[in-house]
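> mind looking at a prediction? Sequence and model below.
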Amino acid sequence: MIIYITIILAFVLLQLIKEIYPRIHTIVYTIYIFLFLTYILTVFIIPLVSQYINVLPTNLLPVFKLLTFSVVLLFLSQIIEDLLLDYEYTSLASLFTFTTKAILLIVWLNHMQQFYDKFISILGLLS
């Protein structure tokens, strides 16, 4: 509930700034987005993830951490992409999204390297 109140108050404040000082509206808007994302990450996501880390078995822990990292990074990428599109930086937004997807692909491929090695050795034994 406090998140909704914060969003409503920020919206009112941003509208006030837009009417009084339209030139600094985009700067304040960008700063607010990053501060709000930091607040959400530190207050909700990190405690929730650490709570589930204690419950999970140790063999699933690396996959859970990678999944959590992937989801958080994709959400942040989507928010930043929308923010860049609002400011009409379409090429930078698409580059940011592509880079995020490439980073996630490299991280997952590095994690799955042991599986690929075993799979290729089993295929070598079958032929």
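Happy to help now that I have it.

> every contact and neighbour count from this point should use C-alpha atoms.
OK.

> just give me the neighbour total for Phe64.
For Phe64, the neighbour count with other C-alpha atoms under 10 Å is 16.

> with Glu81 instead?
Glu81: 21 surrounding residues under other C-alpha under 10 Å.

> which residues touch Val49?
Thr68 (C-alpha atoms under 8 Å, 6 or more residues apart in numbering).

> how much space between it and Ile2?
Using C-alpha to C-alpha, to the nearest Å, one gets 20 Å for the distance from Val49 to Ile2.

> and the protein, split by domain according to the record?
For the chain, whose domains are defined here by automatic domain parsing, the residue ranges read 1-55, 58-127.

> off-centre distance for the helix or strand that contains Glu81?
For Glu81, the host element (DSSP states H and E) is helix 61-86. Taking C-alpha atoms, centre = their mean, to the nearest Å, the mean C-alpha location of helix 61-86 is offset from the chain mean by 2 Å.

> who does it touch, helix- and strand-wise?
Judged by 3 or more C-alpha pairs under 8 Å, 6 or more residues apart in numbering; DSSP states H and E, the packing partners of helix 61-86 are helix 46-55, helix 90-111.

> what's the average pLDDT for the shortest one?
Just to be clear, that refers to helix 46-55. For helix 46-55, the per-residue pLDDT values average out at 87.

> what's the neighbour count on Phe36?
Other residues within reach of Phe36, judged by other C-alpha under 10 Å, total 16.

> is it in a helix, a strand, or coil?
helix (DSSP: H, G, I helix; E, B strand; the rest coil).

> what's the separation between Ile122 and Tyr116?
When C-alpha to C-alpha is applied, the distance between Ile122 and Tyr116 equals 10 Å.

> tell me the secondary structure at Leu123.
The assignment at Leu123 comes out as helix when based on three-state DSSP.

> rewinding a little: and the helix holding Glu81, average pLDDT?
Across helix 61-86, the per-residue pLDDT values average to 91.

> repeat that for stretch 17-27.
Model confidence over stretch 17-27 averages 85 on the pLDDT scale.

> which parts of stretch 67-80 are buried?
Neighbour-count burial for stretch 67-80, with 16 or more other C-alpha atoms under 10 Å as criterion, is recorded at 70, 73-74, 76-78, 80.
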